[in-house]
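Need a 3D model of the following:
(chains A and B)
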Amino acid sequence: MPGLGTSFGRGGATTAQQDLANADCILIEGSSMAEAHPVGFRWVMKAKERGATIIHVDPRFSRTSALADIWVPMRAGGDIAFLGGIIRHIIENNLFFREYVVHFTNASCILREDFRDTEEGATGFFSGWNEEQRAYDKGSWAYDGDGGLSFPERDLTLQHPRCVFQTLRRHFTRYTPEMVEKICGISSVLFQKVADALVAASGPDKTAAICYALGWTQHSKGVQIIRTASILQLLLGNIGRPGGGILALRGHASIQGSTDIPTLYDILPGYLSMPKGDGSEETLRDYLAHQTKPTGLWNNYPNYFISLLKAYYGKNATAENDFGYSWIPKLTGNHSFFEYLYDMADGKMEGMFMMGQNPAVAAANSRFQRTSLSKLKWLVVREMVEIEAATFWRSDAPEIERGELKTEDIETEVFLFPAAGHAEKEGAFTQTQRMLQWREKAVNPPGDARSEGWFMHQLALRLIAKAKQSSDPLDEPLRALDWWYPEDEYGEPQMESVLAEINGWSTNPQPGADGVVFGGVDRKGNPHHGPQVDGFGKLKADGSTASGCWIYSGVLGPDKINKANSRNSKNYLGHGWGFVWPADRRIIYNRASAKPTGEPWSERKKLVWWDPAQGKWGGIDVPDFVPDKSPDYRPTGNESGLAGIPGDAPFILHEDGLGWLHVPKGLQDGPMPTHYEPLESPVHNALYSRDTNPAVNWFTRQENRFAPPGDPRFPFVLTTYRLTEHHTAGGMSRFLSHLAELQPELFAEMSPELAAELKIKNGDYISIVSLRGAIESRALVSRRMRPMHLNGKTVHQIAMPFHFGTAGPVKGGATNDLVPISGEPNVTIMEAKALACNIVPCRLPRGPAFHEWFKKYVPQGGPPNLHPEQPPPGASPGPEAGGHGQHGKTDSR
Amino acid sequence: MIGEGIQSTNQRKHSYVQDRVEVGFFTDPSVCIGCKACEVACKEWNEVPDDGFTWSGNSYDNTGHLGASTWRHVMFLEQDRQKGNQVTGPMGLRNPQSEIYNPQSDDPFRWVFVSDVCKHCEEAGCLEACPTGSIVRTEVGSVLVQNDVCNGCGYCVVSCPFGVIDRRPEPLPDAGGAFKCTFCYDRQKSGLVPACAKVCPTESIVFGRLDDLRVRASERVKHLQESGYSDAQLYDPRETSVRGIHAFFLILGEPEAYGLPPKPQIPTIYLKSAWTSAFATAIASIIAALVAFAFFS
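Sure, this is the predicted structure:
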């Protein structure tokens, strides 16, 4: 997420799961870690065994809450107000870790005079808002003075009225415990208990960790929730230290990997930016001038980018043709999943490859997703089982059953390719703590089932062959591709050859030389590459090196050892087991584990420290710092690259080397987090006249309407979650009897108070209705759900898992039928964790009778923008997402 | 303890069968996260069929109880009691100024998970009742049903004081035979750990030497009691006729809440009184017959 990326420099978890065992306090919020990450949760239990306080903040008393010391029930969507309240408490009572904050964060940096905060007039807008473009001009958010981001003016006393610290203090002044109670429904006593536990675990001898997952990302302000946690951890001095950090718990086996080497439209491998198509980055020179930063690690941008082009195009990329820069597609707009879904619905998209995804169940507004799929001419689905996205045209699909679509009218040709399971293919996963782990193939896949690698390889071979027969210049990028990968006897590409290319090599072919893998030749035996490079420090911008993803460099170096496959853990951080990017640093920004002067903060919390005798950094972890840079090194203001970073600045990807409390650039919706209500909320914003995040993309459309604040037709809050027993859309769990029998039916969890109010008994069939659709479920009445009291109003919340669909041995409604599509301004993620719904205590009518019934609860017709803050159709959708590569954008659907 | 990795007895290779060492399971609900990995691993390894797709509405428990096709079963108990010093919501935190304060908010609440399994009794009711010799005691002290010998008579089913063993109904595979946990005897013979303990992410299920586990369990109970879990106790009935169990439990509260009999007895202890009353009845009948005969003649 850019939340972590803009705060610290890299869009990845700052720590390792094993290190949670060293924490003195663990705050889990926006995640049910015990349920969704049970294996990693053992380290939370280890910490608890050692005496740490475990806190779980969640609308639902989950299996995580059951094991926590403190469960804090919260109204869904109140996270920024709650964490902001703790930030206020820490600042106002002088409880922050002063030495850490002064030296390691940008608290002391002076902001521009024309910066205006949301607090001025309590409008909820920062300076620079452009109503017509529905986007911010972010110029006024930067530092004051001529030093730019690299050499900012600082006031180490933190007294200057325009310094970040004072600005932050003023920003959170109104986030009082009383305000937290009004917004979140958390009593001030309980709030105080949490704040005390966190403060008690802060200082030279103590640390606290924060874990989050999709309960934070799937909000209209998700990035800013993570920013709030980042600010809190910087103030408490918990980043880069053992037992500290922020653990972003990723949603799937390799979701970290799928952003490192992205499946996203707007970034290139290693968080390099996709070039813009607006004319500003037409040439390689312009692009590199934009992206290369004067100081910090991103000063090496050309080394990484040219090496990527060399990996793509091999010897076809030359200095004369700008290393093939013109062949890279340029970004002309928001091409996110939701944008192309709308294109699909409007008949602008002909075909689609679908792999590892089941939008008919798992994606927001799944009812609209299924309808849109029927507009395609062709659809390729690669799956182990016949999922709903491949059967939307058949009689068991709700739209066919209800007569909304007729099978004979659907022209989509669906190709279902059998896919290999994870034990039937080799390759690497990059898991939640940035660790690459290699997996061997245990058995061959059955029948015609094949791996993704085989599919993409064979598709590429065929497309390249076709392109070679054409003379169309549009096909030139395909003709130029260096598709060298050796195959096995089944036509599967050898996955280790892909990993070797990702690590990078010298491009001068030297078959048979030392440090050369795969003989230095391509599939046909022609000389192809030279020795492997030893880490990203060896990459060059002159075309002499190639690397498919610079941050992974070092995973298969000149020693020819596939370190992702190493299984010999040497210490508690797991060095020797797998490979962690960057450069096997397990806790990143670990320079912060030592005092500004270089000694460990304390014996108990030592990790990396300066050895004056040897003149270098050493310790338990690999130093995330220039190894021989002395703590008292100070740049003069003329240096470039890492030489511009002082010896006491641990965040080396930032131009100033500091952790950013205030983000001077890189975010679309504000430099500091601000509480906004969810797009659908039972109440108005108690803090600002603006209810919702101004920069959000509403994806306004008749099929995708939002209820206005406090809409009496949809009085209940709905939040969605995952069960341990099922995997996301259920393709890998609903079809397995041993998992399906454990959770065989969809249910909605509700409090006894709500059940009594609606005359619902435990186990009753009920129907849940939103403006997007309606589904049937069972009622699971439990004290694990609590009514919330907000500002004198009682708000009931219900919680529903989203794993079910119409295929497989256990069936049920798709909860995502209720969820609207929306776009968080930075990453275009939908808000699935806080919605408005109605509950009708009856079974849902099936077949065509559904429509009559649905009309009673959801009026048809009228404008598509029912929410007063929602722009009409045709208005600007908001800021152009994209170009956030360096801030570590991740997708977490 | 958690985090020992491959040094843990849950992961380490062993030779308990060859060395004839008594082994056991110690199950600790204070660290169980209710993930049901034990249930799934058990079914996967032992090829146990599914037990039906029925949603129970009883918390997250949809398998219900141990049976012929459920050899590990995770219970989910929602109770109006406090777990240790746990704070759940506004419970116990009074703030009369707060609008959130209401009398109900003082109600304590807890959610306890515990993975149930065959107890592998020292004196096993099923074993004593089995007329075919299908049920035997193994080298490691566990109780094993040999399914190729079992004739499905069902005597064991009524003889189990814990209601563990059961006959598998039609139309499931191997229907008719009696089934229960094998303590993964096949795995143990190869030096492997039972599947459920192997996969338990928080070491709530611990496998190891019975003696070691009993020491570990009493230390754990002591630690918990010192940390505010005043109702933590061991469930390891050694004073009754089962004379101890190989799969014993730490429980919070009373055994009845977990479906565990406070004083489990094997049916054979009633043999003496049963035979006595049978004998007495027989004598009485004979006398009655003789008397009747004498009277009518």
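
could you measure A:G808 against A:P204, distance?
A:G808 sits 54 Å away from A:P204, going by Cβ to Cβ, to the nearest Å. (C-beta placed from N, C-alpha, C; glycine too.)

again with A:G512
Distance from A:G512 to A:P204, by Cβ to Cβ: 54 Å.

With neighbour numbers in mind, choose between those two.
A:P204 (17 against 9; other Cβ atoms under 10 Å in any protein chain shown).

give me every residue that touches that one.
A:601-602, A:605 (Cβ atoms under 8 Å, 6 or more residues apart in numbering or on different chains).

Most neighbours among these, please name it.
Busiest of the contacts of A:P204 [other Cβ under 10 Å] is A:W601, holding 24 neighbours.

pretty sure that residue contacts A:R241?
Yes. Look at A:W601 against A:R241 with Cβ atoms under 8 Å: they come within range, at 7.1 Å.

Overlap of the contact sets of the two?
Common neighbours of A:W601 and A:R241, counting by Cβ under 8 Å, 6+ apart, are A:S593.

Now do A:A197 against A:T53, distance only.
As judged by Cβ to Cβ, A:A197 and A:T53 stand 5 Å apart.

hey, what's in contact with both of these two?
A:25, A:70.

per-domain residue ranges of chain B.
B:5-120+B:181-261, B:266-297 (automatic domain parsing).

so which of those domains is the most packed in?
domain B:5-120+B:181-261 (a mean of 19; mean count of other Cβ atoms under 10 Å in any protein chain shown).

And it, how far out from the chain middle?
From the chain centre to the centre of domain B:5-120+B:181-261 is a distance of 9 Å (Cα atoms, centre = their mean, to the nearest Å).

Do you know the pLDDT at A:R591?
At A:R591, the model reports a pLDDT of 98.

Also the one 5 residues further on?
Per-residue confidence (pLDDT) for A:P596: 98.

That one reaches A:R98, doesn't it?
No. Applying Cβ under 8 Å as the test, A:P596 and A:R98 come out as separate, 11.7 Å apart.

Can you report how many residues lie near the closest residue to A:P809 other than its chain neighbours?
Spatially, and ignoring its direct neighbours in sequence, A:P809 is nearest to A:A740 (5.3 Å; Cβ to Cβ, 6 or more residues apart in numbering or on different chains). If you count neighbours by other Cβ under 10 Å, A:A740 ends up with 23.

rewinding a little: select, out of the domains of chain B, the one closest to A:D522.
domain B:5-120+B:181-261 (40.7 Å; Cβ to Cβ).

Quick check: mean pLDDT of that closest one?
Averaged over domain B:5-120+B:181-261, pLDDT sits at 92.

try stretch B:129-136
The model assigns stretch B:129-136 a mean pLDDT of 96.

now stretch A:476-495, how far from the chain's geometric center?
With Cα atoms, centre = their mean, you get 30 Å for stretch A:476-495.

now the end-to-end length of it.
Taking Cα to Cα, to the nearest Å, stretch A:476-495 runs 26 Å from one end to the other.

buried ones in that stretch?
Buried positions in stretch A:476-495, judged by neighbour count with 16 or more other Cβ atoms under 10 Å in any protein chain shown: A:477-482, A:484-486, A:492-495.

if we look at it, which residues are touching it?
With Cβ under 8 Å, 6+ apart as the criterion, stretch A:476-495 contacts A:311-317, A:324, A:327-329, A:425-428, A:444, A:450-451, A:453-454, A:457-458, A:460-461, A:463-464, A:467-468, A:497-498, A:518, A:522-523, A:528.

What is the neighbour count of A:G874?
7.

now swap in A:S470 and tell me
Neighbours around A:S470, by other Cβ under 10 Å: 12.

tell me the SS of it?
Look at A:S470: counting by DSSP: H, G, I helix; E, B strand; the rest coil, its state is coil.

State the pLDDT value of it.
Reported pLDDT at A:S470 in the predicted model: 94.

Would you check how far apart it and chain B are?
51 Å (Cβ to the nearest Cβ, to the nearest Å).

and the gap between that residue and A:W327?
Taking Cβ to Cβ, one finds A:S470 at 15 Å from A:W327.

swap in B:P169?
65 Å.

Disregarding residues adjacent in the polypeptide, which is nearest to B:L250?
B:L250 sits nearest to B:D28 (Cβ to Cβ, 6+ apart), 4.7 Å away.

Ok, A:Q133 next?
A:Q133 sits nearest to A:S876 (Cβ to Cβ, 6+ apart), 5.2 Å away.

Equivalent analysis for A:G730, please.
That would be A:H803: by Cβ to Cβ, 6+ apart, it lies 4.3 Å from A:G730.

Correct me if wrong: that neighbour contacts A:S733.
Yes. With contact defined as Cβ under 8 Å, A:H803 counts as touching A:S733 (7.0 Å).

Comparing these two, which shows the higher neighbour count?
A:H803 (26 against 21).

Contact partners for that one?
A:361, A:722-723, A:726-730, A:733-734, A:743, A:746.

partner residues bridging the residue most central in space within chain B?
The residue lying closest to the centre of chain B (Cα atoms, centre = their mean) is B:V117, at 3.8 Å. Under DSSP bridges, the beta-bridge partners of B:V117 are B:R72.

Was I right to think it contacts B:E39?
No. In this structure, B:V117 is not within contact of B:E39 by Cβ under 8 Å, at 10.0 Å.

anything in contact with each of those two?
With Cβ under 8 Å, 6+ apart as the test, B:V117 and B:E39 both reach B:72-73, B:196.
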